[in-house]
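Visitor: got a predicted structure here, sequence first:
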Amino acid sequence: TLPARGCVRKRTAWPRLARALIVNLLTLELSYAPLPCQLCGVPYNTGAPAGRWARPCIRPGPHPTISALKGRISELQWSVMDQEMRVKRLESEKQELQEQLDLQHKKWQEANQKIQELQASQEARADHEQQIKDLEQKLSLQEQDAAIVKNMKSELVRLPRLERELKQLREETTHLREMRETNGLLQEELEGLQRKLGRQEKMQETLVGLELENERLLAKLQSWERLDQTTGLSIRTPEDLSRFVVELQQRELALKDKNSAVTSSARGLEKARQQLQEELRQVSGQLLEERKKRETHEALARRLQKRVLLLTKERDGMRAILGSYDSELTSAEYSPQLTRRMREAEDMVQKVHSHSAEMEAQLSQALEELGGQKQRADMLEMELKMLKSQSSSAEQSFLFSREEVDTLRLKVEELEGERRRLEEEKRMLEAQLERRVLQGDYDQSRTKVLHMSRNPASVARQRLREDHSQLQAECERLRGLLRAMERGGTVPTDLEAAAASLPSSKEVAELKKQVESAELKNQRLKEVFQTKIQEFRKACYTLTGYQIDITTENQYRLTSLYAEHPGDCLIFKATSPSGSKMQLLETEFSHTVGELIEVHLRRQDSIPAFLSSLTLELFSRQTVA
């Protein structure tokens with residue numbers, strides 16, 4: 001509540017009296033102060049009473065200090081009078097604003113009364129609408145009864161009365177609609193009055209600010225008067241202060257020049273330091289390259305030394321072998337025997353090279369033949385399978401020739417034997433080639449190779465051969481079992497164990513049933529999970545008022561239960577792997593709720609509070625609509 005007008009005048013009268021007293025005191029103090037003379041330096045009223053009885057100065061001439069002070073006093077008086085005029089003008093404006101505020105307050109009360117009346121009319125309109133709905137329902141029921149029983153004249157008599165009532169209700173509905181439109185206009189007028197009231201409050205705040213500015217100016221005036229006494233820098237006027245500031249700025253410029261000179265020298269030193277660092281990096285890079293070259297050269301030297309040692313050892317070994325051979329020969333047979341041995345060694349080397357080339361050619365030819373034989377065997381096996389299928393399908397129509405089957409089986413066995421022989425030859429050739437490549441070329445007829453008793457390579461080869469033989473034996477047993485089952489005769493005893501190891505048809509059927517039951521169980525679990533998930537989603541939608549959908553990875557779309565449009569949604573993105581931190585992405589709907597985002601997300605950092613406020617706002621919009 002604002003104070004009365006008399007209180008305002010009483011409150012604003014005190015500063016005026018205080019200012020008048022301050023001006024009078026300043027005038028008396030300046031008129032009776034013991035001011036010294038500008039010529040002799042002796043105060044006017046020393047040893048005599050102040051005022052007009054003060055002793056005058058002996059030396060003639062004007063007194064400029066007194067005239068300057070009087071001019072200053074007159075200026076201060078004029079400024080004080082100007083401030084008083086401004087204060088009076090502001091007080092008059094304040095009174096006018098107060099009157100306008102009272103008028104607006106009365107209008108606001110009248111608008112509130114109108115709003116209450118409109119609310120009462122809205123309630124009455126809602127009752128009338130409910131009555132209209134009830135009457136419309138009754139009318140629909142009566143129309144149905146009229147359609148069912150057309151010959152009842154009593155119902156036809158009531159029809160004109162119902163039409164009159166319907167017409168009356170429609171007139172009431174139009175009247176209520178007009179009242180609703182009037183209510184909207186009154187609400188708009190209320191909003192305009194509220195805006196005017198806000199502007200009046202802003203003007204009141206501006207008036208308070210002006211009063212504070214007036215007090216600040218008075219304090220500034222007093223501070224200027226006390227500045228000369230407190231600082232001791234002979235600053236009595238703003239011109240003195242501006243001169244002092246200019247001197248400080250000149251000093252600052254001189255210091256800036258010195259600072260720029262120092263910074264330029266520092267930049268030169270920094271550039272020199274950077275150049276030295278660049279040269280240091282280049283030198284260190286060259287040093288690293290030289291070290292790498294030295295290390296490579298040292299490694300090369302070590303390899304060459306090792307190679308020299310190996311060559312010297314090989315040379316010593318060859319010399320020892322030659323010495324052992326030469327010791328057996330006589331001195332007369334030395335030279336021709338040596339030349340003959342050299343020719344034999346050269347011939348042996350050429351033979352070894354030619355033999356290795358022949359073996360490689362034979363190996364490639366054998367591999368090609370083996371591939372062709374494999375293709376032929378596969379084709380024959382396919383033909384055999386086709387013939388078997390044809391024989392099983394056409395078994396009732398005709399009997400297949402036993403002799404043709406035997407001939408085909410013999411051909412298959414011959415081809416398999418040839419394939420095994422070729423595989424053995426291939427393995428032998430590969431072993432010979434491996435020995436020649438890895439162990440060095442040598443003549444097996446003259447050189448004897450010794451192996452360790454427990455050589456890992458031989459053990460692995462032996463294990464591989466045993467596994468291969470076991471697999472071949474297993475294949476032979478299975479082929480024999482297949483032949484016996486095709487003949488329909490008795491199964492040999494050695495094949496019964498292999499047949500017993502195979503799963504029976506009952507076990508296969510049971511396993512199929514178990515698989516089907518497991519698949520059915522998984523399908524039922526999926527259906528149960530789907531229904532539970534749907535129930536959980538519906539419960540969340542009903543309890544929280546938001547439908548949550550996963551659009552992409554780590555993105556969630558929220559649609560409110562009270563959304564005005566189907567496309568009004570919010571999109572949140574999880575910024576942490578655990579989903580503890582969320583970030584609101586920009587959408588068209590998010591632009592309409594900027595105030596809620598500013599308050600609840602940016603200031604309070606609370607997503608639940610933001611969603612709750614949004615739900616309340618959307619709910620209020622729907623209920624008002």
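Guide: Looks like it arrived, so ask away.

Visitor: please, where are all the helices along this structure?
Guide: 5-32, 64-148, 153-231, 238-328, 334-393, 402-438, 456-487, 493-501, 505-544, 594-596, 607-624 (DSSP state H).

Visitor: from residue 602, how far out is the spatially closest residue to residue 546 that is not a sequence neighbour?
Guide: Excluding the flanking residues, the one nearest residue 546 by Cβ to Cβ, 6 or more residues apart in numbering is residue 558, at 4.7 Å. Quick note: C-beta positions are derived from backbone N, CA and C, even for glycine. Distance, residue 558 to residue 602, using Cβ to Cβ, to the nearest Å: 18 Å.

Visitor: counting neighbours around each, name which of these two comes out higher.
Guide: residue 558 (20 against 9; other Cβ atoms under 10 Å).

Visitor: wait, the more buried one touches residue 572, no?
Guide: Yes: using Cβ atoms under 8 Å, residue 558 is in contact with residue 572, at 6.8 Å.

Visitor: what's the neighbour count on residue 94?
Guide: Neighbours around residue 94, by other Cβ under 10 Å: 19.

Visitor: ok, it touching residue 205?
Guide: No: at 12.0 Å, residue 94 does not count as touching residue 205 under the criterion of Cβ under 8 Å.

Visitor: what are the phi and psi angles of residue 552?
Guide: The phi/psi pair for residue 552 (degrees, to the nearest 10) reads phi -130, psi -170.

Visitor: and it, how far is that from residue 576?
Guide: For residue 552, the distance to residue 576 (Cβ to Cβ) stands at 17 Å.

Visitor: and residue 609, how far from residue 622?
Guide: Taking Cβ to Cβ, one finds residue 609 at 21 Å from residue 622.

Visitor: again, but for residue 525
Guide: 41 Å.

Visitor: now residue 487
Guide: For residue 487 relative to residue 622 (Cβ to Cβ), the value is 87 Å.

Visitor: before we move on, what about residue 86?
Guide: For residue 86 relative to residue 622 (Cβ to Cβ), the value is 54 Å.

Visitor: then residue 285?
Guide: 74 Å.

Visitor: same question, residue 587
Guide: 20 Å.

Visitor: do residue 210 as well
Guide: For residue 210 relative to residue 622 (Cβ to Cβ), the value is 46 Å.

Visitor: same deal with residue 100?
Guide: Distance, residue 100 to residue 622, by Cβ to Cβ: 38 Å.

Visitor: equivalent analysis for residue 422, please.
Guide: 88 Å.

Visitor: neighbour count winner among these two?
Guide: residue 422 (18 against 12).

Visitor: for the more buried one, give me the pLDDT.
Guide: Residue 422 carries a pLDDT value of 75.

Visitor: please apply the same query to residue 225.
Guide: 68.

Visitor: try residue 374
Guide: pLDDT for residue 374: 58.

Visitor: per-residue confidence at residue 109?
Guide: Value listed for residue 109 in the pLDDT field: 90.

Visitor: tell me how many other residues crowd it.
Guide: For residue 109, using other Cβ under 10 Å, the count is 10.

Visitor: OK, contacts around it?
Guide: For residue 109, the contact set (Cβ atoms under 8 Å, 6 or more residues apart in numbering) is empty.

Visitor: how close does it sit to residue 158?
Guide: 50 Å.

Visitor: ok, now residue 67?
Guide: Taking Cβ to Cβ, one finds residue 67 at 111 Å from residue 158.

Visitor: repeat for residue 98
Guide: 66 Å.

Visitor: between the two, who's got more neighbours?
Guide: For residue 98 versus residue 158, neighbours defined as other Cβ under 10 Å are more numerous around residue 98 (18 against 12).

Visitor: how about stretch 416-431: buried residues?
Guide: By neighbour count on 16 or more other Cβ atoms under 10 Å, the buried set for stretch 416-431 is 416, 419, 422, 426, 429.

Visitor: cool, stretch 598-618 as well?
Guide: Under 16+ other Cβ under 10 Å, the buried positions of stretch 598-618 are 600-601, 607, 610-611, 613-615, 618.

Visitor: closest to residue 466 among those?
Guide: Proximity of these to residue 466 was ranked by Cβ to Cβ; the top entry is residue 607 with 70.4 Å.

Visitor: tell me the confidence at that closest one?
Guide: In this model, residue 607 is scored at 90, pLDDT.

Visitor: contacts only, for the nearest residue to it once chain neighbours are set aside.
Guide: Ranked by Cβ to Cβ, 6+ apart and with sequence neighbours excluded, the top spatial neighbour of residue 607 is residue 582, at 6.0 Å. By Cβ under 8 Å, 6+ apart, the contact set of residue 582 is 556, 572-575, 607.

Visitor: could you dump the residues you listed to CSV with distance to residue 471?
Guide: CSV is the format used below for these (distance: Cβ to Cβ, whole Å):
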residue, distance to residue 471
556, 58
572, 62
573, 59
574, 56
575, 59
607, 67
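
Visitor: now a PyMOL select for only the buried ones of those.
Guide: The PyMOL command for the buried members of the contacts of residue 582 (criterion: 16+ other Cβ under 10 Å) is given here:
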select buried, resi 556+572+607
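
Visitor: of the contacts of residue 582, the lowest pLDDT goes to which?
Guide: For those, the pLDDT minimum is residue 575, 84.

Visitor: walk me through the domains of the chain.
Guide: With domains defined by the TED database, the chain comprises 84-230, 240-392, 545-623.

Visitor: can I get these in CSV with distance to residue 468?
Guide: Converted to CSV, those look like this (distance: least, Cβ to Cβ, whole Å):
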stretch, distance to residue 468
domain 84-230, 93
domain 240-392, 16
domain 545-623, 52
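
Visitor: among these, which is nearest residue 473?
Guide: Of these, nearest to residue 473 by Cβ to Cβ is domain 240-392, at 19.4 Å.

Visitor: what sits against residue 613?
Guide: Contacts of residue 613 (Cβ under 8 Å, 6+ apart): 596, 599-600.
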